[in-house]
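**Q** Show me how the following folds:
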Amino acid sequence: MIIIADAHVSRSAQNDGPFFEMLQALAENDQDLIFLGDIFDLWIALPRYEQDNHRRFTAWCREQKKQRHIGFIEGNHEYFLADEMAAAFTWCSQAPWWRDNEDTVYVHGDQINRQDKNYLGFRKLVKNRYTKFMVRRLPFGPALTNYLKHGLKKTNAEFRRHLPREQIKRFADARFAEGVDTIFVGHFHRQYRYRGPDYKSLYVLPAWFSTRKVTVYHRNPRRVQFVDWQQLSTPNR
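**A** Below you'll find the predicted structure:
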């Protein structure tokens, strides 16, 4: 399995070319894929707001899910994706985390730090059905887009400077107590591992945006690697 986190693809960052080059290469790789959120710098999954790169990505996922599993966890830079674009993926979730049938949890991570009250309040304000209703119908798209970008950058600037290890530990220990043995987390843009009891582990994944690295997860025996996407071969799942 290959996991991709925090690509923050945008034309302004000039990283859309390398990202779609990676997808083209991954089309030759038969492993399942999970996108762990913040794949685009901003993605409002409504007809008036989607851009060519969003449509190109969902078209790729629709085609690829015919031959492999494609999962997507909404990050804090994606809006209404699970409601509007679920058909493009094998599964797509806006829940705080996704647990598979092999006791592995995938989580974007923006809700782990419960001390980040400013961000959690901002998230509650903009990620709900009422905001979606207004966004779909009212003619203030550009203003809203600028508001979201500004809010995402400003709400948790202080908290993003430090990895909240204690909050991560609490989250991991709660999941481990529920029977989970492996957790993958994005959002924090740095690589980190928390070791729990009985060989259980939480991995915070490197951001593709800054490292061009993806995570390769082998289940049996469990092995986790962080590699440049250009180093990927075509092994079986």
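**Q** And the spatially most central residue of the chain, its phi and psi?
**A** The structure's the chain has its C-alpha centroid closest to residue 37; by CA atoms, centre = their mean the separation is 1.5 Å. Summarising the backbone geometry of residue 37 under the convention degrees, to the nearest 10, its torsions are phi 100, psi 160.
**Q** Isn't it up against residue 77?
**A** Yes. With contacts defined as CB atoms under 8 Å, residue 37 counts as touching residue 77 at a distance of 7.4 Å. The way it works is simple: take the backbone N, C-alpha and C, and place the C-beta from them, glycine included.
**Q** thinking again about what came up before, nearest spatial neighbour of the residue nearest to the centre of the chain, chain-adjacent residues omitted?
**A** residue 75 (2.5 Å; CB to CB, 6 or more residues apart in numbering).
**Q** Could you check how far the one you found is from residue 208?
**A** Computed as CB to CB, to the nearest Å, the residue 75 to residue 208 distance reads 12 Å.
**Q** tell me, what's touching these two both at once?
**A** residue 6 (CB atoms under 8 Å, 6 or more residues apart in numbering).
**Q** In the chain, where is pLDDT below threshold?
**A** Under the criterion of pLDDT under 70, the regions of the chain flagged as low confidence span 140-161, 233-237.
**Q** Confirm that residue 225 sits in a strand.
**A** Yes. Residue 225 forms part of a strand when assessed by DSSP: H, G, I helix; E, B strand; the rest coil.
**Q** what about it, neighbour count?
**A** 11 (other CB atoms under 10 Å).
**Q** from memory it sits against residue 216, does it?
**A** Yes. Under the criterion of CB under 8 Å, residue 225 makes contact with residue 216 at 4.5 Å.
**Q** related to what we said a few turns ago, can you report how many residues lie near the residue nearest to residue 37?
**A** Other residues close to residue 75 by other CB under 10 Å number 25.
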